[in-house]
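Visitor: coords please:
(one chain, ligands or ions: 1)
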Amino acid sequence: MNAPLFRLVYISRNEISGDEATVRREIDQILASARVKNPIENITGALMFNAGCFAQVLEGSHDEIQNTFERIQCDPRHSHVVILAFEPASERSFSNWSMAYLGTNSNASAKFGDITNKSGFDPALLEGDHIFDLLKEHLIEAESTSH
Ligand code: FAD
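Guide: Numbers count the residues shown, from 1 in each chain. Below is the predicted model:
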């Protein structure tokens with residue numbers, strides 16, 4: 001029997017410094033790791049980045065999310081990692097993606113910047129559902145305009 005599905009949503013502060021090309025290279029490395037490792041753990045999800053912060057959604061079984069998240073949490077390329085939600089999910093929302101990415105040029109990232117700025121990065125003022133909806137909505141938008 002398949003293990004029940006869970007979803008984890010977190011935010012963190014970017015600790016990657018340097019010019020745009022350096023930052024992009026590091027993000028590409030993160031995505032390359034995710035796209036190799038996540039399928040092994042049966043994890044799907046999406047990552048959003050603006051200059052100051054990351055937000056990520058991970059979908060999978062409880063244990064597999066925990067394994068992946070423990071690795072991610074220790075990564076020095078971000079800090080102040082705060083879990084906004086870790087809860088059962090009825091279905092995968094990013095089933096086509098080992099790790100979808102919405103970068104600094106996306107509308108989602110601009111809105112994410114607004115949210116984190118307005119909240120002063122106070123996790124009490126940030127909601128997992130809000131971040132999750134933002135990623136889902138804008139990924140669908142990006143997919144439909146890329147065809
Ligand atoms: P190794 O590649 O053996 O690295 C050893 C240690 O060095 C790890 O702690 C690693 O975090 C750190 N490290 C690796 N490269 C660098 C670097 N260029 N600069 C500084 N430190 C470095 N991984 C996934 O598998 N799935 C994901 O969905 C995922 N999402 C991520 C999202 C964010 C925001 C970040 C910052 C990282 C993410 N990663 C993800 C990468 C993850 O943190 C690990 O680096 C990666 O999984 C490799 O793990 P490893 O144990 O094989 O470490």
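
Visitor: secondary structure element for I83?
Guide: Counting by DSSP states H and E, the element that carries I83 is strand 78-88.

Visitor: which is the next helix or strand following that strand?
Guide: On the C-terminal side of strand 78-88, the closest following helix or strand by DSSP H and E is strand 100-102.

Visitor: which helices and strands does that next one pack with?
Guide: strand 44-49, helix 128-145 (3 or more C-beta pairs under 8 Å, 6 or more residues apart in numbering; DSSP states H and E). (Glycine included, C-beta is placed from N, CA and C.)

Visitor: contacting residues around the residue nearest the centre of the chain?
Guide: For the chain, the residue lying nearest the average C-alpha position, counting by C-alpha atoms, centre = their mean, turns out to be Q56 (1.5 Å). When contacts are counted by C-beta atoms under 8 Å, 6 or more residues apart in numbering, Q56 touches V9, Y10, S12, G45, A46, L47, M48, I72.

Visitor: For I83, see how far away it is.
Guide: For Q56, the distance to I83 (C-beta to C-beta, to the nearest Å) stands at 10 Å.

Visitor: Overlap in contacts, those two.
Guide: With the criterion set as C-beta under 8 Å, 6+ apart, the overlap between the contacts of Q56 and I83 is V9, Y10.

Visitor: sorry, back to before: output the contacting helices and strands for the strand holding I83.
Guide: If you count contacts as 3+ C-beta pairs under 8 Å, 6+ apart, strand 78-88 packs onto strand 5-14, helix 62-73, helix 128-145.

Visitor: and the angle for that strand with strand 44-49?
Guide: Taking axes from the mean of the first three to the mean of the last three C-alpha atoms, to 10 degrees, one finds that strand 78-88 is oriented at 150 degrees with respect to strand 44-49.

Visitor: Which one of the contacts of Q56 is nearest to N107?
Guide: M48 (10.8 Å; C-beta to C-beta).

Visitor: give me the number of residues near that closest one?
Guide: The local packing of M48 (other C-beta atoms under 10 Å) involves 26 other residues.
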